[in-house]
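# Can you look at this prediction? I've put the sequence above it.
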Amino acid sequence: MHLRRLLRKAALQIFLGLLGVMFLWPAAAPAQEEVTSAIRRYKERELSTGYYEEYEVKPRRQRPFVGVPEVLRRHPSVTSYRPRAALEPRTRSRLEDSHAGIQFYEHRHCEECHVKEAKHSHTTRGNLTCRQCHGAEPIAGINSYYSPMNPIRRHAYVCSKCHEGANTSFATFMVHEPKAGDAATRKTFASLYYSNWFMYLLIVGTLAFFGLHTLIWVGKESYHAIREKMKPEPEPEPKPEPEPELKAESPPEKPEPKPQEEAPPEKPEPKEPENE
Amino acid sequence: MNDQVRIVRFNIFDRLFHVFIMVTFLLQAVTGMGRLLYTTGWGKFVVSLFGGYTGATTVHNRVGVLMIIGFVVHIVYVLGKVEWKSWRQSLFDADSVVPRRADVVHLGQKVRWFFGLGPPPAFDRWTYWEKFDYWAVFWGLPLLGFTGLMLMYPLATSSIMPGWMLNVLVLFHRAEALLAMLYIFIIHFTIGHLRRGMFPMNECMFAGSVDLEKEKEEKPLWIARLQEAGRLEQVMVPGPPRWYRVMYFIFGYLAVGVGLYLLLNLIIYRSYVEWH
């Protein structure tokens, strides 16, 4: 009896406690929800901006983009969410005038500072100048919100000037690509780095194997041929052999064709005519 | 040549496929390497033969499509050659170019022979390096064809994969083309022309027939198989007419000349190449 009452009391307390928790647990505010569910609900917009510092609200349980590997992997430059970026106003790629404050800027050429960037297929083959893509003065940083180079609109404002119909995916082509063989490329463009290694090993392996094979082969054949040629000269041989080059390719210890165990000559006859 | 006993090795289709791949491959090599070295004077000269950079690109693209078509035709032809009722035997017998265990054995014997540790291997109809020549084209052509097609239509490509994959595809295309050119211009040419006993030219791919006496030395198992089946007389053919020999000598040496010319310039201008 006493125990029963105690149990009932405990059940009631647990129920009331849960009820209290239910009411007192902070509800998801709409503003918070906007960010936490942004991947699903505002996907297009979020994928195409890349500039959230000022108007976003704090995420409730997870940071909005960092935790979404698929988005990060496919659009690394687009969704680089760095809250601290707002505290780094001097990040030049985010400036409206990326060269602001550089002394004697007016008298300098792009390639004096951007040495590596000046050499790539769009300039060497496509004959483009820097400004045809990066815009006129003041040249905006590529991540500046109003830059035509911003990944939001790069495909539409820059790429599609020549490549009609360019989309965001197309715009992720790296014009200023890193050198595939550089160690740093493993971090910045891993697939290029590893593809380079793969092809390098394939080329070197194939050529080393068959190169050596051919070299030794040719050398040995010539050696035998020369030895054959040298041999009969000191003492006149009775057997007349006017064409030494026919025998030349066979070494002196050349045996008769001996049957191989893998290719038995007695196996059934192929039906095709010989010139298969 | 006409006093030799000659037997059939390649039929007219095999020879036509070879001439086809020779012409298209060299065209691709010239138009490709001209554009690869476009930053050099030599590259500009080569490209100018095809009407400038875009002209060379157009030729390269169209010949590439032609090669893909030729490859598909070849696959259909080869599939038609297989005796599907006894496909296992048809695919793996000695008249097939499919690699067999004997090839590994032959390679081992050949390496032993290189170091004077044994007799040279007695080959059947196809030696392992001839099989490698065949299968190298079989892996290279699809790789170059697929990457080339994707690079030809970058917008469509970037809609099914991220745009930065184009960077990787360029690397694959160029590296595989480099491997193909180096292999053909160095190793294939050496084996086909420079090797003692072959010099000045291994004519069987053009004449279609080979000297029986020579093959008894190099491919005794094949001859033994033919003799055993009593088909040696059936496959005997007269040698190629003189005018035809003159023609293919000119053609073959033209091809070798083009190849070596490209190789030489690739070596000279190697530091100007961007591999991706």
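That came through, no problem.
# Report the contact partners of residue B:134.
Residue B:134 is in contact with residue B:97, counting by Cβ atoms under 8 Å, 6 or more residues apart in numbering or on different chains. C-beta coordinates here come from the backbone N, C-alpha and C atoms, glycine included.
# let's see 10 Å
Shown in contact with residue B:134 (Cβ atoms under 10 Å, 6 or more residues apart in numbering or on different chains): B:97-99, B:126.
# near chain A, which of those residues show up?
The residues of the contacts of residue B:134 that also fall near chain A, by Cβ under 10 Å from any Cβ of the partner chain, are residue B:97.
# Could you pick out the buried ones from the contacts of residue B:134?
Applying 16 or more other Cβ atoms under 10 Å in any protein chain shown to the contacts of residue B:134, the neighbour count classes B:97, B:126 as buried.
# quick one: low-confidence ranges for chain A?
A:1, A:26-90, A:232-276 (pLDDT under 70).
# Walking through chain A, point out its helices one by one.
A:2-24, A:30-36, A:38-41, A:43-48, A:69-74, A:110-113, A:121-124, A:130-134, A:154-157, A:185-188, A:190-230, A:244-248 (DSSP state H).
# In TSV, list those along with mean neighbour count.
Below are those laid out as TSV (neighbours: other Cβ atoms under 10 Å in any protein chain shown):
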stretch	mean neighbour count
helix A:2-24	9
helix A:30-36	15
helix A:38-41	14
helix A:43-48	14
helix A:69-74	13
helix A:110-113	12
helix A:121-124	16
helix A:130-134	16
helix A:154-157	19
helix A:185-188	14
helix A:190-230	16
helix A:244-248	15
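# Dump these into a markdown table; add distance to residue B:105 as well.
Converted to a markdown table, the helices of chain A look like this (distance: least, Cβ to Cβ, whole Å):
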| stretch | distance to residue B:105 |
| --- | --- |
| helix A:2-24 | 77 |
| helix A:30-36 | 66 |
| helix A:38-41 | 59 |
| helix A:43-48 | 58 |
| helix A:69-74 | 47 |
| helix A:110-113 | 59 |
| helix A:121-124 | 48 |
| helix A:130-134 | 59 |
| helix A:154-157 | 57 |
| helix A:185-188 | 41 |
| helix A:190-230 | 16 |
| helix A:244-248 | 25 |
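# Could you export stretch A:152-165 as PDB, CA atoms only?
The C-alpha trace of stretch A:152-165 is given here as PDB (Å, rounded to 0.1, in the frame of the first residue of the first chain):
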ATOM      1  CA  ILE A 152      28.000  33.400 -57.100                       C
ATOM      2  CA  ARG A 153      28.200  34.800 -60.500                       C
ATOM      3  CA  ARG A 154      31.500  33.900 -61.900                       C
ATOM      4  CA  HIS A 155      30.000  31.400 -64.400                       C
ATOM      5  CA  ALA A 156      27.500  34.000 -65.700                       C
ATOM      6  CA  TYR A 157      29.700  37.100 -65.600                       C
ATOM      7  CA  VAL A 158      33.100  35.800 -66.600                       C
ATOM      8  CA  CYS A 159      33.100  32.300 -68.000                       C
ATOM      9  CA  SER A 160      30.100  32.600 -70.200                       C
ATOM     10  CA  LYS A 161      31.600  35.600 -72.000                       C
ATOM     11  CA  CYS A 162      33.300  32.900 -74.100                       C
ATOM     12  CA  HIS A 163      31.900  29.600 -72.900                       C
ATOM     13  CA  GLU A 164      28.300  30.100 -73.700                       C
ATOM     14  CA  GLY A 165      26.100  28.300 -71.200                       C
END
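# Counting neighbours, which bits of it end up buried?
Within stretch A:152-165, the residues that qualify as buried are A:152-155, A:157-160, A:163, counting by 16+ other Cβ under 10 Å.
# Next, whatever residue of chain B ends up closest to chain A: phi, psi?
Going by Cβ to the nearest Cβ, chain A is nearest to residue B:220 of chain B, at 2.7 Å. Taking degrees, to the nearest 10, you get phi -60, psi -30 for the backbone angles of residue B:220.
# Near it, how many other residues are there?
21 (other Cβ atoms under 10 Å in any protein chain shown).
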